[in-house]
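Asks: Can you look at this prediction? I've put the sequence above it.
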Amino acid sequence: MKTYKNIIFFLYLFLSLSIGNNSADELFEIIPKKKIRQFQINSSGILINLNGELTPSKKKINLKDIEIFCVSIEKYLTKNKFYEDFEFIKSENSNLGTQHFYFQQTFLDIPVEGRFLKVHSNIHGQLSSLSNDYQNIDIKEKTPELSKNEIKLIARRTVSGEIKQEINPKLIIYTFNSIPKLAFKVKIVSKFDSKLVIVDANTGEIINTFSLIYFDGPTIGSGENLLGDWVDSLFIYEGNNFPGITGGLSYPNLFCEEYCWDYGDCDGESYEGCALSYDTGECPVGYILDCNNECVFEEITTWALGNGVCDDPDLYVDEDSIQSGNFNLIDASNSNREPIFTVSSYDTYYTDLFFVNSESPVFDSEISSHSHRSGVSSHDYHKKTLDYFESFGFFGMNGTGLRLANIIDYGAGGWAGINNAFYDYANQTLNYGMGSGEYRPWCAGIDVVAHEFAHSFTAHTSGLVYQDQPGALNEHLSDAFGYLVEAKFQNGGDWKMAEDITLNNNGIRNMQDPTIFGDPDHLESPYYYSGSLDNGGVHTNSGIPNKVLYLVINGDTHYGVNVEPFSIDISQSQEIAGTIWFLWNAHYLSIYDGFFVAAGKMLQTSQDIYPDDEHISQTVYDSWKSVGIDIFEPFIELYEITMFEDGDGIINPGETTNIDLTLENISPNSAEYISGELNCSELEILDGNIYFEEILPSNLSQNGDNHLSVIVPFDVVISDKECFLYITLQNQNGDDFEYNFSFSVPVRLDQEGFPLSTNQILSSPALADLDGDNVDDIVITDNEGT
């Protein structure tokens, strides 16, 4: 399939500019070109993606190997030295044997938020890919003018209701949709909202906010779920001697003498500007001890008050007050993770909580307030969701075994509404409304349960912000795992999202055809949303990557692009997709990635996992291309046109005019076999062809035939003569592209002695039949119209 581009240029001045990019030829001297499968270089000469067999196979790659490689190509990774701009933060191994190394970009030892260098090995032990989010930083001052306390006061204004939690401001360099700025990031939670707030460290300007609320809306027991299906195997707990809920269900309470905060601590004294001090006690790694002697998440290090008076957290749950029974929906069967706790808040909002329980191991009460049907659905679905993720080595809510607490059948009184489901960042819970009207309780669908859990998975891995295209990817990942978990446990599943929640079984989104619900299935779809509502269209625009998942599993022809499925066996297709999507989120994506970057990283993922199966990576490439995101599309522009005439500054009738063209490849992809053909109205083409073997990413055309020549006829009408240049080329994969450019050749008359003054604007005689004798008269005027 060919891609066509039409671009119109009105060129009268031709300026010569220069760019200082790295030459890809030098990269090929370090890494043989035949070893590189694909590469992308941005306009600054920085590698953003590199795939191939970059090093020989090795049983185990260590950090030193990675650093040696990165130093060897450091001029393509940074404008400075590798060790100056990148700090190693962690390495991880996947269940498949791939290795993943993460480096944080820093500037003067300050982290550049969301900018990472990630280096990966394939299953053969070869360094096989890297992705680089590097951005050049030019900030002179690294000391902020505002204090952390001032920043917190500013950040609080972004949320409604009384402030209940804030995490200590952290100094960063912020770059997302912005020139680099010294900033603080603060996480703020109120009764009605949770946000990540970015504040300018010098001016106090609120640069951006990101939502932290992700919406969608050892014995064996059995029971009936909300769909009337009988579940034979429920992992439940007999008696009340079960482990406690790590971290509790409350928002943490740090109001005590051991802590200081902007209003002072609870002894009534002021401690403004003091350093926060806290004790980990006997809590596990990642937790601290709060004033109730509870272990709470270490990231939550400061609680603030809106009134300067010590009081209890807004959401406080006395765990001892949570009712239990003879048999409780608590799954403590897996030693690799903490239990699943299924808790009902039936028709209340966290005020009357109880572990869903029964007098016997059978949960089949017809009394709605017992929450048996909701409990059976939620407990069963969360167990299956955890089983799915555990197959990839991700345990519990955070990957290392954190308990899963799900609150079902919550009623009015909260801020979210009962026809909803959400992942609560503040207390790490999954919450499902009791539903009303056209909706069942929101835990009725396994795809909804897996969707909400996947928000926690994303929060603890890639951390995609909940805004614009990164937010749409965040929502898509939850939809994707909702589908994949449902497919695994419910006869292959379906492409509707939340169809078991809606009484008409239509659901709320459709991944096979997103347009059914007004969501886009292509980047140029009229449904694509670019406004500010819904955090920049995170739910709407998730339709684009949702369509990608459908295509790689089922295959289809979409907008003229034929996409072959991963496998003709749909179960195998689903398995391959699950593996790619999991590792893509866990190891490749970064917090600010948009569709184009994410698509490139998915291709990297597929090639690292399946280096010997080109069909898999071709399917990934074709599916993204079909939704308007061509990972390897070169984009060519006319950079410069120079016209040579006889030296008088005017292109006159009867002259031969030579034209030299310079093209620019403004994409990160290589363009190959570039040929062009010229066509001009009313001009005779003497030499109308140009050719270049290759134009490297972010480079100008060179070492080719860039010369054109035209003859201006003697009897031509004086005017601008439109010319069209038809360019054909191929990308690095051999795909064909066509571009159409237009420009004008200004034909004028230059007569000796006219105009009379060099201060006058150049003018030309006009031809007109003034006296009506059918013979044109030559009319000459001066600049005042005489």
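Replies: Yep, that arrived. Residues are numbered from 1 along each chain as shown.
Asks: can you pull the contacts of the nearest residue to S358 once chain neighbours are set aside?
Replies: Of all residues not flanking S358 in the chain, F327 sits nearest, at 4.9 Å (C-beta to C-beta, 6 or more residues apart in numbering). Glycine gets a C-beta too; all of them are placed from N, C-alpha and C. F327 makes contact with 219, 221, 236-238, 357-361, 363 under the criterion C-beta atoms under 8 Å, 6 or more residues apart in numbering.
Asks: So which of those residues is surrounded by the most neighbours?
Replies: Neighbour counts for those, by other C-beta atoms under 10 Å, peak at I236, which reaches 29 neighbours.
Asks: so which strand or helix has K547?
Replies: Using DSSP states H and E, K547 maps to helix 543-554.
Asks: mean confidence score for that helix?
Replies: pLDDT averaged over helix 543-554 equals 97, rounded to a whole number.
Asks: what's next to the helix or strand that it is followed by, contact-wise?
Replies: Note on helix 543-554: by DSSP H and E, the next helix or strand toward the C-terminus is strand 556-558. Residues from elsewhere that reach strand 556-558 (C-beta under 8 Å, 6+ apart): 521-522, 547, 550-551, 563, 623, 626-627.
Asks: Strand 556-558: which residues count as buried?
Replies: In terms of neighbour count (16 or more other C-beta atoms under 10 Å), strand 556-558 has its buried residues at H558.
Asks: Buried residues of the helix or strand following that strand, list them for me.
Replies: Following strand 556-558 in sequence order, the next helix or strand is strand 561-563 (DSSP H and E). Residues of strand 561-563 classed as buried: 561, 563 (neighbour count, 16+ other C-beta under 10 Å).
Asks: Tell me the strands beside strand 561-563, with direction?
Replies: Strand pairing for strand 561-563, using DSSP bridges, gives strand 556-558 (antiparallel).
Asks: Can you give the distance of the partner strand from its chain's centre?
Replies: Distance of strand 556-558 from the chain centroid (C-alpha atoms, centre = their mean, to the nearest Å) equals 24 Å.
Asks: Stretch 125-143 too?
Replies: 17 Å.
Asks: Please identify the buried residues of that stretch?
Replies: 125-135, 137.
Asks: And stretch 525-538, by the same measure?
Replies: Quick answer for stretch 525-538 (16+ other C-beta under 10 Å): 525, 527-529, 534-538.
Asks: what's the span of that stretch, first residue to last?
Replies: From its first residue to its last, stretch 525-538 covers 15 Å (C-alpha to C-alpha, to the nearest Å).
Asks: and it, average pLDDT?
Replies: Stretch 525-538 comes out at a mean pLDDT of 87.
Asks: Also stretch 423-441?
Replies: pLDDT averaged over stretch 423-441 gives 82.
Asks: start to end distance for that stretch?
Replies: 16 Å.
Asks: what about L589, distance to D133?
Replies: 10 Å (C-beta to C-beta, to the nearest Å).
Asks: which stretches of this structure have low pLDDT?
Replies: 1-24, 160-166, 190-193, 213-219, 247-317, 414-416, 425-426, 750-771, 777-786 (pLDDT under 70).
Asks: So which residues of it form helices?
Replies: 24-30, 63-72, 82-85, 148-156, 372-390, 446-459, 468-489, 533-537, 543-554, 570-583, 595-609, 614-626 (DSSP state H).
Asks: re earlier: as JSON lines, the contacts of F327 with distance to R156 would be great.
Replies: Output for the contacts of F327, formatted as JSON lines (distance: C-beta to C-beta, whole Å):
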{"residue": "T219", "distance to R156": "48"}
{"residue": "G221", "distance to R156": "46"}
{"residue": "I236", "distance to R156": "43"}
{"residue": "Y237", "distance to R156": "41"}
{"residue": "E238", "distance to R156": "47"}
{"residue": "N357", "distance to R156": "40"}
{"residue": "S358", "distance to R156": "45"}
{"residue": "E359", "distance to R156": "48"}
{"residue": "S360", "distance to R156": "50"}
{"residue": "P361", "distance to R156": "49"}
{"residue": "F363", "distance to R156": "44"}
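Asks: ok, of the residues you listed, which one's closest to N731?
Replies: For the contacts of F327, the residue nearest N731 by C-beta to C-beta is I236; the value is 57.0 Å.
Asks: what pairs with the closest one across the strands?
Replies: Going by DSSP bridges, I236 forms beta bridges with T219.
Asks: about what we covered before: would you point out the most distant pair within the buried residues of stretch 525-538?
Replies: S525 and N535, at 19.1 Å, using C-beta to C-beta across these.
Asks: about what we covered before: among the contacts of F327, which are in strands?
Replies: In this view, the contacts of F327 that belong to strands under DSSP state E are 219, 221, 236-238, 357-358, 363.
Asks: tell me the contacts of F566?
Replies: Contacts of F566 (C-beta under 8 Å, 6+ apart): 552-553, 572-573, 576-577, 615-616, 619.
Asks: could those be laid out in JSON lines, adding neighbour count and distance to F741?
Replies: Below are these laid out as JSON lines (neighbours: other C-beta atoms under 10 Å; distance: C-beta to C-beta, whole Å):
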{"residue": "V552", "neighbour count": "27", "distance to F741": "35"}
{"residue": "I553", "neighbour count": "27", "distance to F741": "40"}
{"residue": "Q572", "neighbour count": "13", "distance to F741": "46"}
{"residue": "S573", "neighbour count": "19", "distance to F741": "42"}
{"residue": "I576", "neighbour count": "22", "distance to F741": "42"}
{"residue": "A577", "neighbour count": "26", "distance to F741": "40"}
{"residue": "H615", "neighbour count": "12", "distance to F741": "36"}
{"residue": "I616", "neighbour count": "21", "distance to F741": "37"}
{"residue": "T619", "neighbour count": "24", "distance to F741": "33"}
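Asks: Could you export those residues as a markdown table, including distance to E84?
Replies: Below are these laid out as a markdown table (distance: C-beta to C-beta, whole Å):
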| residue | distance to E84 |
| --- | --- |
| V552 | 40 |
| I553 | 44 |
| Q572 | 46 |
| S573 | 45 |
| I576 | 40 |
| A577 | 40 |
| H615 | 42 |
| I616 | 38 |
| T619 | 40 |
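Asks: what's the domain layout of the chain?
Replies: Domains of the chain are assigned by automatic domain parsing as 3-17+650-746, 31-132, 148-211, 213-244+316-447, 252-312, 461-631, 751-786.
Asks: so which of those comes closest to E637?
Replies: domain 3-17+650-746 (5.0 Å).
Asks: Which residue is the nearest non-sequential neighbour of D424?
Replies: N431 (5.8 Å).
Asks: For that neighbour, give me its contacts.
Replies: 406-407, 410, 416, 421-424, 452.
Asks: Report the buried residues of stretch 229-240.
Replies: 231, 234-237.
Asks: before we move on, back to that, out of the helices of the chain, flag the one nearest P697.
Replies: helix 24-30 (6.7 Å).
Asks: Out of the domains of the chain, which gets nearest to F644?
Replies: It is, among the domains of the chain and with distance given as C-beta to C-beta, domain 3-17+650-746, at 4.4 Å.
Asks: What is the burial count for the residue nearest to N554 when sequence neighbours are not counted?
Replies: Residue nearest to N554 in three dimensions, not counting chain neighbours: P565, with 5.7 Å by C-beta to C-beta, 6+ apart. By the other C-beta under 10 Å criterion, the neighbourhood of P565 contains 21 residues.
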